[in-house]
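Enquirer: My questions concern the predicted model and sequence given below.
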Amino acid sequence: MSEKSLKYILEGALLAAGRPLSIDQMLALFLDSEQPGRDDIRVALDELIEDYKDRSIELKQVASGYRVQVKEDYSEWVSRLWSERPSRYSRALLETLSLMAYRQPITRGEIEDIRGVSVSSSIVKTLQEREWIKVVGYRDVPGKPAMYATTKIFLDYFGLKSLDDLPTLAELRDIDSINAELDFEIPAVPAAENNQENEQTTEETNNELTQEVTPEKMDINGEDDVPAEAEA
């Protein structure tokens, strides 16, 4: 099989799949008698990346493998193909997800200690339904609280290959700036709840993210001291 044929086969598979494909999944496309080597696959993928440099699409490596996607510069127009508006998330959900990403594995109680307010059960349920987080173990303290960590699906959704691709804390800006950039909507809440959220989290959360989550304390990959995975 020629290099050109291999490249086009992989391109067709990536376009048809509509999801990331790992190298093992690409190898499974071929019979044993014609199966290329892993290095051949990688060379073909590199050629596709080069081919797409001046086009509206790109080949992106994420946690689950490689996928063909529209470049961000053209998303404004392509998104109009769908009448349904993208999901919007509250400030509380974004703060909770951020803490899970940077402090994982982390318990619900630890998140509440940092944010200064309770974590709604609906927030945890939403994150689990989207498969952005999962239970990876239980803290060895009274009550055995569940410890949460992010998943490959979380990385795929945000276009990340690994947790190392997350912005450093020094690069992070406040949640309001992120909301504005991503066009997230902060739903209206009752006055009492709004006062509690705004007064306690606006200042405290940003302070905690800079003061509590220091590079020295943070295990960015969540690999150290993680108990064996347990089912939620």
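Expert: Received, thanks.
Enquirer: Using the record's domain definitions, break the protein down for me.
Expert: With domains defined by automatic domain parsing, the chain comprises 3-80, 91-211.
Enquirer: Could you export these as JSON lines, including mean neighbour count?
Expert: Where you see a C-beta, it was placed from the backbone N, CA and C, and this is true even at glycine. Shown next, in JSON lines, are these (neighbours: other Cβ atoms under 10 Å):
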{"stretch": "domain 3-80", "mean neighbour count": "14"}
{"stretch": "domain 91-211", "mean neighbour count": "16"}
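Enquirer: how about the ones you listed in JSON lines, adding mean pLDDT?
Expert: Below are the domains of the chain laid out as JSON lines (pLDDT from 0 to 100):
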{"stretch": "domain 3-80", "mean pLDDT": "92"}
{"stretch": "domain 91-211", "mean pLDDT": "75"}
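Enquirer: Just the residues contacting the host helix or strand of Glu50, thanks.
Expert: Applying DSSP states H and E as the criterion places Glu50 in helix 38-51. With contact meaning Cβ atoms under 8 Å, 6 or more residues apart in numbering, helix 38-51 is reached by 3, 6-7, 10-11, 14, 23, 26-27, 36, 58-59, 66.
Enquirer: Which of the residues you listed fall in helices?
Expert: Among these, the ones falling in helices (DSSP state H) are 3, 6-7, 10-11, 14, 23, 26-27.
Enquirer: Keeping just the C-alphas, turn stretch 156-169 into CSV.
Expert: Taking Å, rounded to 0.1, in the frame of the first residue of the first chain, the C-alpha atoms of stretch 156-169 are listed here in CSV:
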residue,chain,number,x,y,z
ASP,A,156,-11.7,15.8,24.2
TYR,A,157,-14.5,18.4,24.6
PHE,A,158,-12.1,21.1,25.4
GLY,A,159,-9.6,20.1,22.7
LEU,A,160,-6.9,19.0,25.2
LYS,A,161,-4.5,16.1,24.7
SER,A,162,-3.7,15.9,28.5
LEU,A,163,-4.1,17.8,31.7
ASP,A,164,-0.7,19.3,31.0
ASP,A,165,-2.4,21.3,28.2
LEU,A,166,-4.5,23.2,30.8
PRO,A,167,-3.5,26.8,31.2
THR,A,168,-1.2,27.4,34.1
LEU,A,169,-2.6,29.3,37.1
